[in-house]
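Asks: Only the shape, not the letters, is given here:
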């Protein structure tokens, strides 16, 4: 939404809220709707073309207010996770619409999604082993895996879950491969450990590298490990057909998460997570497993058993607003524009002999460096950020200091790419001219 | 804020945001402030008298914008936790202002605060035991405690932490006492278990009962257990001098949390938590303990190591706005009004021979029942909620079915209490007239 539209519609929304506050005493205290009522009021998929805010706005009174905060909050979330799941062409096992045990939920962040997957997997392996033997499984024996390029939240999840984590080496493309995983599993089993979870990453933070999830998923299926896929940043791109192949293999995953707040025009926080068998989560998170009964009887899910907190916010509203106002087509165009801009930047870097691109550009991240020492690159980056006109962050790639250029603002245009490139050239020239690095 | 004020100021805020969006290219990308800059721009305590929104609004540009989302988000949170800590007369060890290792943080919900306390305590006991012996402590030996009136989130935290939880019986006032705790600790130690954490509750969900935290804290100090206090609902009342005695004993706690989103006019979610030694949390939550060094050197804390997620929202803004616009005096008046209204309702119940109040009223909750069978009370409650004019919830008290009346809306007035009482009487008469229960 441009500033002027926001000015107009924002004020309309302020009036709506003020009217609501003024008329609250005339409304029913408890909603008077039947379970699943929202399914009958809105389509079962996102619109292809965007709609006007007026259309969306009218539906707040029609669709949301009769269900108030609850059950509307739960039901709209179910619908939006199905909408987004369909945009991503997730296997139907992950969707509520399949009427199976799968479904999606909004977590705050990818860290929480990973922790929820880990605790569910931990509970599953411990429960299974209890059924097979009288002895408790010592938690100290459990071990989980991710690549050494995975986000620190995987190691943190293992630490919070009280479990061992092993980081596995990647190939030259910074990708974790099936054989490396299989060897680690066998090695750890031989030591008496119990491998139970693998977190595969699609689009690593460092360099936007992709684990080979087809291979990892097959190993997990064969070896009976929980397979969670973290596509926090890259996931949004999978709504475009030309990037969807990067998600091939998700059919073997037990859970998958991505963050619409990263690259799908939705404000922080909003991490969407799909689970193939929600009972695995409910059993790990419910202090009263009796609740399970209702789930199995096909009632609306009780999201408090899908997450760490008890209370929840109405985060599906922002997904609903964005999906409708943009439509799938414009969201795809938005992703494609960013990727194109990243490639444009890549071309600039390649044309200048002083620089090198150090990692293939797949989405919106370009990893590059000035040919020369790490100290030189560090100084160039310091100089760029000190000027305060653009901001870049560093990483390490095969022991080299590397600069990360990310296209991630909703307002980025071609001129911004040129502007940023000029800033980088200016700082580089300045540092090179000073010599001694 | 009344509807008319909200209408005016909400639109002013929409304009502010639109202006920000329009002028974003003229702003520095990175803020240019020094660590601790906010301390020099705002007072070190909440105002006693409320200020106008105009005053507060001006300060957004002056105080927040120079520090953008970061570091302003962290620094304002530190200040607000100190403001609220002072309003609650927390021992200075819990405040950043003491320059010791204590300080506060905003978690999403009390469930998360309890889990953070539990995982910190778990890490502390495991680390201590590692220093004393070469063998790992089997996590299966660890055990934590709360009263059988405690919120289910305590049991859930233990489950997620992979640890045993034991619920302890309460006395006639539904209060957990020191001797009961001590006996449980000794009994469990004799069985080879390792007691490591007690969660005391101030203001239980069921009946607003209060554990004897003086006794519990003394036992925890003597027996070297982590003592966490959960005052999710009741905590807000401790800003009033006449209720502050309920918090006496907090000086022996390691951590304390309360939810301003419950009763301090702040929107969900906002659970404030204070920790006496933040290094206990950072050591449990940091995947890179090197970061600790900076903390110890007196830098600004890195809140990502105080919580489960990595990213965070700017939740201290709403505390800042509310504390300033109300001032401490009006917040106290707000709490007192609710408590007075609860007592007014209590009087109505007591005057009608068909009813009984089953638990002493301390704050805004009245637990009462119709004299008669549980079935009768269940039917009365069903009838009340079905009419949809007020909504009440049930609980159990010493095997009896009890109805809970909670004064908790910001708009509740004396007339609402009469109105609710009429609804209750109407439903009761109706059900009694139908007979057969």
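Replies: Thanks, I have it. Please read these numbers as outputs of a predicted model, since none were measured by experiment.

Asks: For the stretch 51-200 of chain A, what lies in contact range of chain B?
Replies: Taking Cβ under 8 Å from any Cβ of the partner chain as the contact definition, the stretch 51-200 of chain A meets chain B at A:108-112, A:115, A:119, A:122, A:136, A:138-140, A:152-153, A:155-156, A:159-162. Any C-beta I mention is one placed from the backbone N, CA and C, and that applies to glycine too.

Asks: can you give me the strands for the stretch 1-150 of chain A?
Replies: A:103-107, A:142-147 (DSSP state E, counting those that start in this stretch).

Asks: Mind checking the pLDDT average for the shortest one?
Replies: In other words, strand A:103-107. The pLDDT scores in strand A:103-107 average 98.

Asks: a markdown table for the strands of the stretch 1-150 of chain A, including distance to residue B:101?
Replies: Below are these laid out as a markdown table (distance: least, Cβ to Cβ, whole Å):
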| stretch | distance to residue B:101 |
| --- | --- |
| strand A:103-107 | 31 |
| strand A:142-147 | 32 |
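
Asks: Let me have the ones you listed in CSV, extended by mean neighbour count.
Replies: CSV is the format used below for these (neighbours: other Cβ atoms under 10 Å in any protein chain shown):
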stretch, mean neighbour count
strand A:103-107, 27
strand A:142-147, 26
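
Asks: if we compare these, which one ends up closest to residue B:211?
Replies: Nearest of the strands of the stretch 1-150 of chain A to residue B:211, taken as Cβ to Cβ: strand A:103-107 at 31.9 Å.

Asks: Partner strands of that closest one and their direction?
Replies: Sheet partners assigned to strand A:103-107 using DSSP bridges are listed as strand A:271-275 (antiparallel).

Asks: And the next helix or strand past the strand it pairs with?
Replies: helix A:278-285 (DSSP states H and E).

Asks: Now do that next one against strand A:103-107, angle only.
Replies: 40 degrees (axes from the mean of the first three to the mean of the last three Cα atoms, to 10 degrees).

Asks: What helices and strands are in contact with helix A:278-285?
Replies: Where contact means 3 or more Cβ pairs under 8 Å, 6 or more residues apart in numbering or on different chains; DSSP states H and E, helix A:278-285 is packed against helix A:110-132, helix A:292-296, helix B:152-160.

Asks: got those as a markdown table, with mean pLDDT, distance to residue B:304 and mean neighbour count columns?
Replies: Formatted as a markdown table, these follow (pLDDT from 0 to 100; distance: least, Cβ to Cβ, whole Å; neighbours: other Cβ atoms under 10 Å in any protein chain shown):
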| stretch | mean pLDDT | distance to residue B:304 | mean neighbour count |
| --- | --- | --- | --- |
| helix A:110-132 | 94 | 9 | 22 |
| helix A:292-296 | 44 | 34 | 13 |
| helix B:152-160 | 96 | 19 | 23 |
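
Asks: Point me to the residue of the stretch 101-250 of chain A nearest chain B.
Replies: residue A:109 (4.0 Å; Cβ to the nearest Cβ).

Asks: Point out where chain A drops to low pLDDT.
Replies: A:289-299 (pLDDT under 70).

Asks: what does the stretch 201-350 of chain A have sitting close to chain B?
Replies: Contact residues (Cβ under 8 Å from any Cβ) of the stretch 201-350 of chain A with chain B: A:268, A:269, A:284, A:285, A:287, A:288, A:308, A:309, A:310, A:311, A:313.

Asks: Contact partners for the fifth one?
Replies: Counting by Cβ atoms under 8 Å, 6 or more residues apart in numbering or on different chains, residue A:287 makes contact with B:152, B:155, B:156, B:159.

Asks: sorry, back to before: quick one: which of the strands of the stretch 1-150 of chain A is nearest residue A:276?
Replies: Residue A:276 lies closest to strand A:103-107 among the strands of the stretch 1-150 of chain A, at 9.2 Å (Cβ to Cβ).

Asks: what's the closest non-adjacent residue to residue A:114?
Replies: Leaving aside its chain neighbours, residue A:114 sits nearest to residue A:157 (4.6 Å; criterion: Cβ to Cβ, 6 or more residues apart in numbering or on different chains).

Asks: my guess is the one you found contacts residue A:118, does it?
Replies: Yes: at 4.6 Å, residue A:157 and residue A:118 qualify as touching, with contact defined as Cβ atoms under 8 Å.

Asks: Pick out the most distant pair among the residues of the stretch 201-350 of chain A next to chain B.
Replies: Using Cβ to Cβ, those reach their maximum pairwise distance at A:268 and A:288, which is 31.9 Å.

Asks: So between those two, which is more surrounded?
Replies: Using other Cβ atoms under 10 Å in any protein chain shown as the criterion, residue A:268 and residue A:288 rank with residue A:268 on top: 16 against 10.

Asks: Would you confirm that the more buried one contacts residue A:260?
Replies: No: assessed by Cβ under 8 Å, residue A:268 is found out of contact with residue A:260, at 9.8 Å.

Asks: if we look at the sheet, which residues does the residue nearest to the spatial centre of chain A bridge to?
Replies: With distances taken as Cα atoms, centre = their mean, residue A:258 lies nearest the centre of chain A, 1.7 Å away. Using DSSP bridges, the bridge partners assigned to residue A:258 are residue A:272.

Asks: OK, contacts around it?
Replies: So residue A:258 contacts A:88, A:110, A:231, A:232, A:233, A:234, A:235, A:236, A:238, A:271, A:272 (Cβ under 8 Å, 6+ apart).

Asks: just the residues you listed now: which is nearest residue B:84?
Replies: Residue B:84 lies nearest to residue A:271 out of those, by Cβ to Cβ, at 28.6 Å.

Asks: From residue A:333, how far out is residue A:3?
Replies: Look at residue A:3 and residue A:333: by Cβ to Cβ, to the nearest Å, they are 21 Å apart.

Asks: Which one of the two is surrounded by more residues?
Replies: Between residue A:3 and residue A:333, counted using other Cβ under 10 Å, the more crowded position is residue A:3 (17 against 13).

Asks: Going along the chain, name the helices of chain A.
Replies: Ranges of helices in chain A, per DSSP state H, are A:3-22, A:53-59, A:72-87, A:110-132, A:152-160, A:178-190, A:213-223, A:241-244, A:260-263, A:278-285, A:292-296, A:316-351, A:374-387, A:414-434.

Asks: Out of these, which is closest to residue A:395?
Replies: Minimum separation from residue A:395 across the helices of chain A (Cβ to Cβ) falls at helix A:374-387, 10.8 Å.

Asks: Tell me what residue A:356 is bridged to.
Replies: Applying DSSP bridges, one finds that residue A:356 bridges with residue A:369.
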